[in-house]
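Undergrad: Need coordinates for the following:
(chains A, B and C)
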Amino acid sequence: MTMALLEIKNLSVRFKTDDGIVNAVDDVSLEVNTGETVCLVGESGCGKSVTALSTMKLIPCPPGEISGGEILFEGKNILKMNNDEIRTIRGNDIAMIFQDPMTSLNPVYTCGYQIAEALRQHKNMTKKEAEEKAVSLLEQVKIPDPHVRVTEYPHQLSGGMRQRVMIAMALSCDPKLLVADEPTTALDVTVQAQILELLAEIKEQRSMAVLFITHDLGVVAEIADSVVVLYAGKIAERGRAVDIYENPKHPYTIGLLNSVPTLEKSNKELYVIPGTLPDPTDFTEGCRFYERCDRHTDKCRTQPEEFTISETQSAACFHIEKS
Amino acid sequence: MNDVQYKSELKKGLLKLKKHKPALVGFIILVVLYVVCIFAEFVAPYHYDNESRSNSYNPPSRIHFFDKEDNFHIFPFVYDYGYEFDAYYNRVFVEKKDRRFPLKLFVRGDPYKLFGFIPYDRHLFGVEKEGRFYLIGADGRGRDLFSRIVYGSRVSLTVGLIGVFISTIIGVLVGGIAGFYGGKIDNVLMRICEMLMLVPSFYLLLALRAAFPPEISSVTIYLLIIFILSFIRWAGLARVIRGMTKSIREREFVLAAEALGQRNIIIIIKHIIPQTFSFLIVSVTLSIPYYILGESGLSLIGLGIQDPYASWGNLLSDAMNIADIRFHPWILIPGFFIFITVMAFNFLGDGLRDVFDPKSGK
Amino acid sequence: MFNYTIRRLLTMFPLLLAMSFITFMFLQLAPGDILAPYKMNPQISEETIKEMEQKFHFDKPAVIQYLYWLKNIIRLDFGYSFSKRTSVANVIGSHLLNTLFLAMFSIFITWTVAIPIGIYCAVNQYKWSDKFFSFISYIGMSLPTFFLALLLLFLVSTIGELPLIGKLPIGGMKSVHYDDLGFFGKFFDIIKHLIVPGIVLATASLASLQRIMRGNMLEELGTKYVLTARAKGLPENRVIYIHALRNAINPLITIFGYEFSALLSGAALTEIITSWPGLGSVMLEAVRAQDLFLVMGNMLIGGVMLISGNLLADLLLAATDPRIKLS
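TA: Just a heads-up that it's a prediction; the model follows:
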């Protein structure tokens, strides 16, 4: 088996806050292979963004702290790299796009300037070369009149266009892995569809791997090769997209899928998973989904490991139904 | 917020305040200063006007436990001072060691009227009448600097309280009316405020002071200073209150009051203005230093409180004579009192702001 | 931009008008006669005094006097200073430059010290050095300027010679032997005299500017676009100075303008204490002598400088932040 492009092994990240220590990510492991799209799914606050930021060692420490685990990119442990080494990877081998392009772009510099920055940093291009490449990148992300856009400021563009600029910025140095942290959440549905289409095309053309963070199961259905479901900082279930959608095993995954409104259920009330996320400074012993689960028993007072369901699927629950 | 809710918010706030160390320190310092201010006649060993020309610029009395024969005395004592001339014809103070003056508590001294009507003549500490005790030295006329600082606190510490009271009332009313009615009234009032804020304040202070002759009674000057300082300050407050009023006005309970037919002025006073209290508490506390500094600045250059009355500012005017100050640096001490007071108000204000109005400031 | 400037300059006039009117009326309340020193001088005849009264319209009601004053101002005639026996324009002109020098020197000190310290504290948040500078800033902001001036002068008078600079003067603007010095000599002499008043004026604004810079930097360093910049693999220096600082410093530009205008009148007390011959000293003398025209002229210039400073601040802000459109 070829080595995975990105391997997260037993990653644990915690934060010191005024209210206590928050264990945002607890013993999380996942893999992304070359050309694969892995979707990391979960509610707000489940630790998915923290996981994503960790892949490039972007967690602010203090108040954050990586308390355990390794992150191997092409075999090398990112968490052990020094600042210079990690900077050659950021924006170059691994690139990241964020949720809100308005706040993710610097308002006082033009789009062209910000795209060119990464090029000049990693590819040693001159100002002129980088500017020309920026224009061509804007063309690739299908922005009309790229020559004009390159001189404009972020606030002069619409939300969808700004996100395309961010994508162009991320692609500039031909990264092997793209980490996308909820890139479509802040956009309206039609724009969302366009962006997803664009990402799919780009991925094809470059055989780029994508780690896609989202809470929207509709999006996951469209683009994912594999899915990892996160709950309260721990992995609930993982598998190929088809496994998760047709054969979900963890009660949380099942709940999530049931919550998605579909046309067939139009007469009934919307399903909602009862309860809320537990207090992150005070996790109780055992399965963190205990309070909201309809299958919990005393056994669930100890933390379930991930039980293998098939070659491609596993879930962390003692009560996996046999189908 | 109804009354019960408001009171518990207040309590919560005060408890939080206690945890804020600088604010606590500031508060304690201010309490001590104001207590001294109230009991000035008692705390000060001498009346502010008690001169002794032969003790002009007397250095601080050295406190001894051993006399000239090396005998130990439990109670500390001081000697009287006399002066001689050295080889360069400079005046040098020398202790007259022939008679000891023990430091006593509750000494009989200059008579006064406590709170203005209770005749009394005991002072917190001091020496017998024939001796002079200078805790931190004497000024040009031999008056005890410590006593004058204590009396001076009356001016410096009250100027702020009264002044801020006046400017707050005016500022809140003007701002409230402007914000509530909007339209032309708002426009006119805000233009006036802008105008006042655009005037260079120190110049205006001097100019307004100039409108009155230099030789008027200190009481008049005191009131005048308060008036001028308030006149300059209310505009800034009015603008902020006006902005706050405009947004509060749209809230439902105000509309409800209007629908019930309440008179506008009552609405402003009873409903809108209490919403600004959290901001006001902070603003008032942080404004007081301006009055203290304004009065001190004026008195320093001779346009404020005049001799023989004392204010910390005019005590410092002696220090303007830089060449001489080397020989009697204790004249600078009133400045430390101003500094400490301002710091204390700033500490307290910061603490209050963290508790009541955390969105402003960083 | 140009239109905006013109419009702002135009709104200056009604404001100055109102301000000068109020001040003039207040001064008229002053008992005491502006011509008193002349009246007491036996060498000046009654007729001369009557002539002066008519010439300066002192016999007319206050409002009329104001209108005459206004008429003269429009022709740029600021009137006559009775205490200085020369035209007000002369007095103000010679002192205005000094105040400007002092203000610029003080701003220079403030900004070259506060900005680096503010950035340093933001980048090194939580460390001892940050807490130390915070504490010092607090003291700097609470220390009354006049007290600091006195303390510094006291210090200067007791410590004697400094290594490079020699003895620092304790007031004034020029040494006694100023005229004997060459060009550079004169320049350094003035700088030496600027040090104490400059430091005094700089201290309070330095302290608050440093805190603001630190606060702004901390805010910018926590933004998403800084995260993006780091995610692009940019070196930390670039992130701090090209990205964060560029945004953090925007609000400070406005402060710069306001500070300049506030300094021009706020310097008055410090000028008086350190005997720096600027407009502040002039104002004090004018007030003491109840010299009507000099006081009015000074107030007017003070108001103009304040308004100009504010305008400068707004223009600077518009020029540096592409999001702002002047309306």
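
Undergrad: Quick one: end-to-end length of stretch A:170-188, please.
TA: 22 Å (CA to CA, to the nearest Å).

Undergrad: What of stretch C:238-256?
TA: Terminal residues of stretch C:238-256 are spaced 25 Å apart (CA to CA).

Undergrad: Which strands and helices lie in contact with the helix or strand harbouring A:Glu70?
TA: Under DSSP states H and E, the secondary-structure element containing A:Glu70 is strand A:64-73. In terms of contacts (3 or more CB pairs under 8 Å, 6 or more residues apart in numbering or on different chains; DSSP states H and E), strand A:64-73 is packed against strand A:6-17, strand A:20-32, helix A:48-54. C-beta: built from backbone N, CA, C; applies to glycine.

Undergrad: The helix or strand following it vs chain C: in contact?
TA: Per DSSP H and E, strand A:64-73 leads on to strand A:76-77 as the next helix or strand towards the C-terminus. No: applying CB under 8 Å from any CB of the partner chain, one finds strand A:76-77 out of contact with chain C, separated by at least 15.5 Å.

Undergrad: same deal with stretch A:29-48?
TA: No: legend: contact between stretch A:29-48 and chain C by CB under 8 Å from any CB is lacking; minimum distance shown is 15.7 Å.

Undergrad: And the strands in the chain?
TA: Just going to use chain A. The residue ranges that make up the strands of chain A, judged by DSSP state E, are A:6-17, A:20-32, A:37-41, A:64-73, A:76-77, A:94-97, A:177-181, A:209-214, A:226-231, A:234-240, A:307-308, A:314-315.

Undergrad: my bad, chain B
TA: If you assign secondary structure with DSSP E, the strands in chain B sit at B:64-66, B:72-85, B:91-102, B:104-114, B:118-126.

Undergrad: how far away is the nearest residue to B:Arg249 once chain neighbours are set aside from chain C?
TA: Across the structure, with CB to CB, 6 or more residues apart in numbering or on different chains as the measure, the residue nearest B:Arg249 apart from its sequence neighbours is B:Phe180 (5.9 Å). Distance of B:Phe180 to chain C, given as CB to the nearest CB, to the nearest Å: 25 Å.

Undergrad: State the pLDDT value of B:Phe180.
TA: Confidence per residue is given as pLDDT, and for B:Phe180 that number is 84.

Undergrad: repeat for the one 10 residues further on
TA: Residue-level confidence at B:Met190 comes out at 85, pLDDT.

Undergrad: So it sits against B:Arg239, correct?
TA: Yes: here B:Met190 lies in contact with B:Arg239, judged by CB atoms under 8 Å, at a distance of 6.7 Å.

Undergrad: rewinding a little: roughly how far is the strand holding A:Glu70 from the heart of the chain?
TA: For strand A:64-73, the separation from the chain centroid amounts to 16 Å (computed by CA atoms, centre = their mean, to the nearest Å).

Undergrad: Can you tell me the number of residues neighbouring residue 96?
TA: Just so you know, I chose chain A. 28 (other CB atoms under 10 Å in any protein chain shown).

Undergrad: my bad, chain C
TA: Around C:Leu96 sit 17 other residues, with neighbours defined as other CB under 10 Å.

Undergrad: Going by secondary structure, it is in what exactly?
TA: Taking DSSP H and E as the criterion, C:Leu96 maps to helix C:88-123.

Undergrad: just C:Gly297 next, same as before
TA: Using DSSP H and E, C:Gly297 falls within helix C:292-320.

Undergrad: and that helix with helix C:88-123, angle?
TA: Computed by axes from the mean of the first three to the mean of the last three CA atoms, to 10 degrees, the angle separating helix C:292-320 from helix C:88-123 equals 40 degrees.

Undergrad: Tell me the buried residues in helix C:292-320?
TA: When neighbours are counted by 16 or more other CB atoms under 10 Å in any protein chain shown, the buried residues of helix C:292-320 are found to be C:292-318.

Undergrad: ok, so what distance separates the residue of the stretch 1-150 of chain A found nearest chain B from B:Leu15?
TA: Ranked by CB to the nearest CB, the top residue of the stretch 1-150 of chain A for proximity to chain B is A:Asp18, at 12.8 Å. Taking CB to CB, to the nearest Å as the criterion, A:Asp18 is separated from B:Leu15 by 17 Å.

Undergrad: Settle it for me: which of those two has more neighbours?
TA: Higher neighbour count among A:Asp18 and B:Leu15: B:Leu15, with 10 against 5, using other CB under 10 Å.

Undergrad: Tabulate the strands of chain A (CSV), appending mean pLDDT.
TA: Listed next are these as CSV, based on pLDDT from 0 to 100:
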stretch, mean pLDDT
strand A:6-17, 89
strand A:20-32, 88
strand A:37-41, 92
strand A:64-73, 89
strand A:76-77, 90
strand A:94-97, 92
strand A:177-181, 92
strand A:209-214, 92
strand A:226-231, 91
strand A:234-240, 89
strand A:307-308, 82
strand A:314-315, 86
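
Undergrad: Point me to the residue sitting closest to the centre of chain B.
TA: B:Leu157 (2.3 Å; CA atoms, centre = their mean).

Undergrad: right, and that residue touches B:Cys37 too?
TA: Yes: in terms of CB under 8 Å, B:Leu157 counts as a neighbour of B:Cys37; the distance is 5.0 Å.

Undergrad: re the thing from before, any chance of the strands of chain A in TSV with distance to A:Cys293 as columns?
TA: What follows is these, written out as TSV (distance: least, CB to CB, whole Å):
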stretch	distance to A:Cys293
strand A:6-17	23
strand A:20-32	18
strand A:37-41	18
strand A:64-73	27
strand A:76-77	36
strand A:94-97	34
strand A:177-181	28
strand A:209-214	23
strand A:226-231	10
strand A:234-240	11
strand A:307-308	16
strand A:314-315	13
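
Undergrad: Pick out the residue closest to the middle of the chain.
TA: In the absence of a named chain, chain A is used. Central residue of chain A (CA atoms, centre = their mean): A:Ile213, 2.5 Å from the mean position.

Undergrad: Hmm, no, I was thinking of chain C.
TA: Computing the C-alpha centroid of chain C and ranking residues by CA atoms, centre = their mean puts C:Leu264 first, at 1.7 Å.

Undergrad: residue ranges with poor pLDDT in chain C?
TA: Counting by pLDDT under 70, chain C contains low-confidence residues at C:1, C:30-38, C:160-167, C:320-327.

Undergrad: Run through who's touching stretch C:106-118.
TA: Residues outside stretch C:106-118 that contact it (CB atoms under 8 Å, 6 or more residues apart in numbering or on different chains) are C:133, C:197-199, C:201-202, C:205-207, C:209-214, C:216-217, C:249, C:252, C:256, C:259-260, C:263, C:267.

Undergrad: any idea which of the helices and strands packed on strand A:64-73 is most buried?
TA: Mean neighbour count, computed with mean count of other CB atoms under 10 Å in any protein chain shown, is highest for helix A:48-54 among those, reaching a mean of 24.

Undergrad: And the average pLDDT for that one is what?
TA: Looking at helix A:48-54 alone, the average pLDDT works out to 90.

Undergrad: Check the separation of the first and last residues in stretch B:96-111.
TA: From its first residue to its last, stretch B:96-111 covers 27 Å (CA to CA).

Undergrad: what residues does the stretch 101-250 of chain C put near chain B?
TA: Residues of the stretch 101-250 of chain C found near chain B (CB under 8 Å from any CB) are C:138-139, C:141-144, C:146-147, C:150-151, C:153-154, C:157-158, C:170-171, C:211-212, C:215, C:218.

Undergrad: Which PyMOL command selects the buried ones in those residues?
TA: In PyMOL syntax, the buried subset of these is picked out as below (16+ other CB under 10 Å):
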select buried, chain C and resi 138+141+142+143+144+146+147+150+151+153+154+157+170+171+211+212+215+218
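
Undergrad: Quick one: residues contacting the residue nearest to B:Arg249.
TA: If you count contacts by CB under 8 Å, 6+ apart, B:Phe180 has them with B:Thr245, B:Arg249, B:Asn264, B:Ile267, B:Ile268, B:Ile272.
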